Every structure is written in structure tokens, then in C-alpha cells.
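Asks: The following block contains a protein sequence and its predicted model.
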Amino acid sequence: MPHSTAVEPGQILLELVDEDGATIGTSEKLAAHRAPGLLHRAFSVFLFDPAGRLLLQRRAAGKYHSPGVWSNTCCGHPYPGEPPFLAAARRTSEELGAAPALLREAGTVRYHHPDPESGLVEREYNHLFAGLVTEPLRPDPAEVGETAFVTPGELGRLIDGRAFSVWFGTVLDAARPAIRELTGAAAGW
């Protein structure tokens, strides 16, 4: 039976899915992230510059979920019925002010990660994308606090010293085969 929650004007609906990724209903965004969490469709983007460095973003301090932590290039949720590829391209442009020069599918991963800082839950069926960015970035300060292009070694040092989103390791590991294909084995991803 489809699940649905009422929404007020200005609230965002997410697409709920079953364990295989088939749509089963909708939920208001915050309700889907409250414990125990509702499995919903999401996307994660990993963009690289021509030198093979990964673009990270530090989430803006004012975000309701995981504020001020580092994460992958862009992540979010498609609107109900919106193809994940289009949502990923749209949100990357909205958040970073630059469209991907190349964007391709990098698999899917399902996870359930409670966030001890916020008390919210990431229970997502996540569509992964990898690509290239060549335009100058113009981040939206309401979404992005800071950006950095990093090599694999620099990423390791950042992870040791800074807070990252609870989903980052899971989505990066799941996307690695496509990332290696995109950047070449010599890049070290």
C-alpha cells in the first residue's frame, strides 16, 4: 500500500521506495529522515577536475541536516517522478553554480545511517553519479560553506582531521569502480 504524508506549502516531498528501488509512495522530507527513517530515493554526485582531483563541499552551517560537515560534490533527493540523473545535474548546478561537463551513472547503494549529531536518519536508496567539472564554481552560500579539490592522499588527511557526512564513506566506496574508470587507475581512487 502506498505511503503518503500531508505536506504544507513550502515543504518538499521525497519518493519512498522498496528494497529494490521501486516507488511505493511519498513522504515529507523531514518526516522521512526522522527515526527510524523511511527508505527513500536519493542521489550522490562525485565530480572531478581535469587533473583527477575530487570536488568536495563543506555543507553550509545553516542546513538543517549535517551542517558544516564535508561531503561529496553534491547530494540530494529527486522530486517524486523526477529521474535521478536530471535531479543530480539540476542540484549540482543550483548548489555549485556550475554544470557538470560530463555526468554518468556510477551504480546504486542502499544504506541506513543514523546521524548522532542531529538525531536524523539517512535511510536511502542512493543513485550514484561521477563526472567532470570544468567551469568556475559559484557556490550558493545557503547550500555550500566551502569547496575543495583533493587528491586521494589529501582526502585521507581531511578525513582524519575533519567531520564528514555519515553517508560519505558508503557512497564513495560504492562509486569507486566508476570513479576509477572515469579518472584512470593511476589517479589512485
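Replies: Right, received. Where do you want to start?

Asks: Contact partners for residue 74?
Replies: Residues counted as contacts of residue 74 (Cβ atoms under 8 Å, 6 or more residues apart in numbering) are 44-45, 47, 57, 88, 91-92, 95-96. Every residue, glycine included, has its C-beta placed from N, CA and C.

Asks: Residue 132: which of those residues is nearest?
Replies: Residue 132 has its nearest neighbour among the contacts of residue 74 in residue 47, at 6.5 Å by Cβ to Cβ.

Asks: check which helix or strand covers residue 141.
Replies: Under DSSP states H and E, no helix or strand contains residue 141.

Asks: Same check on residue 88?
Replies: Assigned by DSSP H and E, residue 88 falls in helix 84-96.

Asks: and the next helix or strand after that helix, what does it pack onto?
Replies: Toward the C-terminal end, the helix or strand that comes next after helix 84-96 (DSSP H and E) is strand 102-114. If contacts are counted by 3 or more Cβ pairs under 8 Å, 6 or more residues apart in numbering; DSSP states H and E, strand 102-114 sits against strand 40-48, helix 84-96, strand 121-132, helix 168-183.

Asks: Kindly export the helix holding residue 88 (C-alpha atoms) in PDB.
Replies: The C-alpha trace of helix 84-96 is given here as PDB (Å, rounded to 0.1, in the frame of the first residue of the first chain):
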ATOM      1  CA  PRO A  84      17.700  10.800 -10.600                       C
ATOM      2  CA  PHE A  85      20.100  11.800 -13.400                       C
ATOM      3  CA  LEU A  86      18.200  15.000 -14.100                       C
ATOM      4  CA  ALA A  87      17.900  15.700 -10.300                       C
ATOM      5  CA  ALA A  88      21.700  15.300  -9.900                       C
ATOM      6  CA  ALA A  89      22.500  17.600 -12.800                       C
ATOM      7  CA  ARG A  90      19.900  20.200 -11.600                       C
ATOM      8  CA  ARG A  91      21.100  20.200  -8.000                       C
ATOM      9  CA  THR A  92      24.800  20.300  -8.900                       C
ATOM     10  CA  SER A  93      24.100  23.500 -11.000                       C
ATOM     11  CA  GLU A  94      21.900  25.000  -8.200                       C
ATOM     12  CA  GLU A  95      24.300  24.300  -5.400                       C
ATOM     13  CA  LEU A  96      27.700  24.900  -7.100                       C
END
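
Asks: Let me know the distance separating residue 125 from residue 156.
Replies: Distance from residue 125 to residue 156, counting by Cβ to Cβ, to the nearest Å: 28 Å.

Asks: Of those two, which one has the most company?
Replies: More crowded of residue 125 and residue 156, by other Cβ atoms under 10 Å: residue 125, with 22 against 11.
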